[in-house]
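Asker: return a 3D structure for these sequence lines:
(chains A and B)
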Amino acid sequence: KAGVTQTPRYLIKTRGQQVTLSCSPISGHRSVSWYQQTPGQGLQFLFEYFSETQRNKGNFPGRFSGRQFSNSRSEMNVSTLELGDSALYLCASLEGGAGISEAFFGQGTRLTVV
Amino acid sequence: SQQGEEDPQALSIQEGENATMNCSYKTSINNLQWYRQNSGRGLVHLILIRSNEREKHSGRLRVTLDTSKKSSSLLITASRAADTASYFCAPVNQGGKLIFGQGTELSVKP
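Answerer: All right, here's what the predicted structure looks like:
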């Protein structure tokens, strides 16, 4: 089985721009969760999508949004980028929900906002 | 949903020694999971222990779960330099989010 694929791996954006990150889960997995990791705040949960529906959401402003397509691929979008959005963004693929299965993580997208 | 609190925050040991990391949580769980993260990379799943299990082994890893104390521990025996990483626990409710704490940063010196 192919693993979780996140693209791009690295990204540099300017403050005020928007960015879209992509995550392709493991084939057959229907749940995708997104996380932001920074040295100061650690690993923070953004949201989870299951069968194209947002099932859980973390405490992030509305500038952070996501969606999931019928093939389970997911995208997250950050609008009006701020310097503090510089982080490693990780996506996790699960067969079911977190309550019943383990998560498989991608290598992440390293976003730098300048 | 809840996050686990790992303890200690940092641990430095010599190769060959055992490393023990602890995790505490606040409410009832369906399962508790441990993950490892090498610097700047994605997390790797280590072990999932269900609420009705008390101990689980995987190679050099041993995880215990005490639901009465709402705590879990991860023991790595005969540590190697390659075990240097951050370790996270995630207590999970049925259908809940996978929430991580700050992790334990383990350094194994050759």
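Asker: which parts of stretch B:99-110 are buried?
Answerer: Counting neighbours by 16 or more other C-beta atoms under 10 Å in any protein chain shown, one finds that the buried residues in stretch B:99-110 are B:Ile99, B:Phe100, B:Gly101, B:Gln102, B:Gly103, B:Thr104, B:Glu105, B:Leu106, B:Val108. Every residue, glycine included, has its C-beta placed from N, CA and C.
Asker: got the contact list for the nearest residue to A:Gln18 once chain neighbours are set aside?
Answerer: Of all residues not flanking A:Gln18 in the chain, A:Ser79 sits nearest, at 4.3 Å (C-beta to C-beta, 6 or more residues apart in numbering or on different chains). Counting by C-beta atoms under 8 Å, 6 or more residues apart in numbering or on different chains, A:Ser79 touches A:Gln18, A:Arg63, A:Ser65.
Asker: of those residues, which belong to strands?
Answerer: A:Ser65 (DSSP state E).
Asker: just give the nearest non-adjacent residue to whichever residue of chain A sits closest to chain B, would you?
Answerer: Taking C-beta to the nearest C-beta, chain B has its nearest neighbour within chain A at A:Phe105, 3.5 Å off. Leaving aside its sequence neighbours, A:Phe105 sits nearest to B:Gly42 (C-beta to C-beta, 6+ apart; 3.5 Å).
Asker: which residues touch the one you found?
Answerer: B:Gly42 neighbours (C-beta under 8 Å, 6+ apart): A:Val4, A:Leu90, A:Phe105, A:Gly106, A:Gln107, A:Gly108.
Asker: who wins for most neighbours among the contacts of A:Ser79?
Answerer: A:Ser65 (16 neighbours; other C-beta atoms under 10 Å in any protein chain shown).
Asker: partners of it in the sheet?
Answerer: Per DSSP bridges, the residues bridged to A:Ser65 are A:Asn77.
Asker: please look at it and A:Glu75 and confirm they touch.
Answerer: No: using C-beta atoms under 8 Å, A:Ser65 makes no contact with A:Glu75, being 9.1 Å away.
Asker: which residue does chain B have closest to chain A?
Answerer: B:Gly42 (3.5 Å).
Asker: so where's chain B shaky on pLDDT?
Answerer: B:1-2, B:94-95 (pLDDT under 70).
Asker: close to chain A: what parts of it are there?
Answerer: B:1, B:30-31, B:33, B:35, B:40-45, B:48, B:88, B:90, B:92-103 (C-beta under 8 Å from any C-beta of the partner chain).
Asker: any idea where the strands of the chain begin and end?
Answerer: Looking at chain A here, since you left the chain open. Using DSSP E, strands in chain A cover A:5-7, A:10-13, A:19-24, A:31-38, A:42-50, A:53-57, A:64-68, A:74-78, A:87-94, A:104-105, A:109-113.
Asker: ah, I was thinking of chain B
Answerer: B:5-7, B:10-14, B:19-24, B:31-37, B:43-50, B:55-58, B:61-66, B:71-76, B:85-92, B:104-109.
Asker: does anything pack onto the shortest one? Which helices or strands?
Answerer: Applying 3 or more C-beta pairs under 8 Å, 6 or more residues apart in numbering or on different chains; DSSP states H and E, one finds that strand B:5-7 makes contact with strand B:19-24, strand B:85-92.
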